[in-house]
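[1] Got a predicted structure plus its sequence, pasted below:
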Amino acid sequence: MDLVLRYNPAVLKAREVRRGELTENSLFDFNIQGDRIRIGIASRDGFQGEGSLAEIRFDVVGAAGSISPLRIESVSANRAIDSATLVIPTEGGVLTVISPAQATRGDASGDRRVRALDALIALQMAVGKRAEDLTLDMDDNGKITSLDARQILKMAVE
């Protein structure tokens, strides 16, 4: 599989690209080139199922209100059994930078509401499945723990 992702480098700086759950046992490489990230994946037996192909971490370098499209410019893939070309549907997105004052404390999803999903995201941060976001540090101890997740869950159901 070959994939190219485009973004606005005035808003985001690509910092790290890692293989995802689906590609754990595949050859995997990437190259960050200006406003593009090129990802190549090769697997002897292919991969299938649900999960991520890659995880990309960005640093936000744009000012509040700046916008970056996240667009899959191209993707090509072939079936493992016979190398037939596969059609892969894609969907891009948009990242809008908000100021710390715009962020709602306890809101991990960015919808400006505190829900049970936000508590789950905090719990995933506590166990290391996600990068920490200190807007979820409800007790101001500088880290995300299960206590933060509990406090967010209580806020969500009140």
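    Sure, I can see it. Just so you know, these numbers come straight off a predicted model, no measurement behind them. Numbering: from 1, shown residues only.
[2] same for the host helix or strand of Lys154, what does it pack against?
    Applying DSSP states H and E as the criterion places Lys154 in helix 146-157. Here helix 146-157 touches helix 116-126, going by 3 or more Cβ pairs under 8 Å, 6 or more residues apart in numbering; DSSP states H and E. Where C-beta positions appear, they are placed from N, C-alpha and C, glycine not excepted.
[3] what's the single longest strand in the protein?
    strand 67-78 (DSSP state E).
[4] burial of Ser109, as a residue count?
    Neighbour count for Ser109, taken as other Cβ atoms under 10 Å: 13.
[5] Name all residues that make contact with it.
    Contact analysis of Ser109 by Cβ atoms under 8 Å, 6 or more residues apart in numbering lists Arg115, Leu117, Asp118, Ile121.
[6] Which parts of this protein are strands?
    2-6, 12-19, 27-33, 36-42, 54-60, 67-78, 85-86, 93-96.
[7] between these, which gets nearest to Leu153?
    strand 54-60 (25.6 Å; Cβ to Cβ).
[8] what sits up against the longest strand of the chain?
    So strand 67-78 is contacted by 1-8, 10-12, 36, 62, 84-86, 88, 90-97 (Cβ under 8 Å, 6+ apart).
[9] and with 7 Å instead?
    With contact meaning Cβ atoms under 7 Å, 6 or more residues apart in numbering, strand 67-78 is reached by 1-8, 11-12, 36, 62, 84-86, 88, 90, 92-96.
[10] Filter these down to the buried ones, ChimeraX style.
    Listed next is the ChimeraX selection for buried residues among these, using 16 or more other Cβ atoms under 10 Å:
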select :1,3,4,5,6,7,8,11,12,36,62,95
